[in-house]
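K.L.:
Just to be clear, the model below is a prediction. Sequence and coordinates:
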Amino acid sequence: MGGQKQKKREIRAERTEFAQFCAMAFGELWYLLKLNLLFLTACIPIVTVPMAVTAGLRITSSLAAGKQPPLWRAFCSAFFGEWKRALACGWALTLLQALAGFGVYAYAVMMEANPFALLPLIAAALIFAALFSFSLYFYSMLAMCRLSLQDMLRNALILAVSERWRNLVATLAAVLCGGASVLFFPVTLPLAILLLPALALLAASCAIRPGLKRCMR
């Protein structure tokens, strides 16, 4: 009985969090539109993508905490404040994720001829999801916490492993927004330009916030 009650409470809490996210996204729609345009502009040089993600998560982490920081000032502060560590570690993480993503694609193609490719496909997908979750925590801590690089990497690794269900939600939110932009292109182009990346960052920030709060104490 106790286990069933606990499970019901967790389900109600998840529903409440989802309702809060929807209300937040709707209430901050204009702010998210401006964030999205600022984020995409910061990504134009390509090499600055890790810095833009760090700055974007700085904003959406604040929104997830119920705060609305001054957009331009907070974004630029995070964008330029940690640019060295964001570039070095960010592109290393991007390379690892690209390798894992290529593994998923390669094994998915091999599945047509060899059903046994399913096992390495699942392994590659799990590695990609773990790396993606790790990067979300790392970028968020880079923007929000005053920790050494070693502590950030250690905490991100621990949270990427321990917060499995929340990490899954964060990963799915990003994959759905990104997948919709690609699969339904060019129909989704206006939505991608105006909202989808910022919405994905906000969903990820809301999902990983409980774990991130433990690192900010």
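P.N.:
Okay, I see it. The shown structure was predicted, so the numbers you read here are calculated from the model rather than taken from an experiment.
K.L.:
For the rest of this, base every contact and every neighbour count on C-alpha atoms.
P.N.:
OK.
K.L.:
Under the pLDDT cut-off, which ranges of this structure? List them.
P.N.:
Counting by pLDDT under 70, the ranges of the chain that qualify are 1-15, 180-185, 187, 216-217.
K.L.:
so where do the helices sit in it?
P.N.:
Secondary structure of the chain, counting by DSSP state H: helices at 2-27, 29-43, 49-64, 71-81, 83-110, 118-144, 149-162, 164-183, 189-194, 196-215.
K.L.:
Just say which of those is most tucked in.
P.N.:
Using mean count of other CA atoms under 10 Å, the stretch among the helices of the chain with the largest mean neighbour count is helix 49-64, at a mean of 26.
K.L.:
So what touches that helix?
P.N.:
35, 39, 42-43, 68-69, 71, 74-80, 82-83, 86-87, 90-91, 139-140, 142-144, 198, 201-202, 205-206, 209 (CA atoms under 8 Å, 6 or more residues apart in numbering).
K.L.:
run the last query once more with 6 Å
P.N.:
Helix 49-64 has contacts (CA atoms under 6 Å, 6 or more residues apart in numbering) with 39, 42-43, 75, 78-79, 83, 86-87, 90, 139-140, 143, 202, 205-206.
K.L.:
now, among those, which is nearest to residue 124?
P.N.:
Nearest to residue 124 among those, counting by CA to CA, is residue 90 at 19.9 Å.
K.L.:
For that closest one, which non-adjacent residue is closest in space?
P.N.:
Using CA to CA, 6 or more residues apart in numbering and skipping the chain neighbours, the partner closest in space to residue 90 is residue 50 (5.1 Å).
K.L.:
From residue 62, how far off is that neighbour?
P.N.:
Using CA to CA, to the nearest Å, residue 50 is found at 18 Å from residue 62.
K.L.:
Equivalent analysis for residue 38, please.
P.N.:
Spatial separation of residue 38 from residue 62 under the definition CA to CA is 16 Å.
K.L.:
just residue 161 next, same as before
P.N.:
Counting by CA to CA - residue 161 and residue 62 are separated by 24 Å.
K.L.:
now residue 151
P.N.:
With distances defined as CA to CA, the gap from residue 151 to residue 62 amounts to 21 Å.
K.L.:
Could you do residue 28 as well?
P.N.:
Looking at residue 28 against residue 62, where the rule is CA to CA, the gap reads 12 Å.
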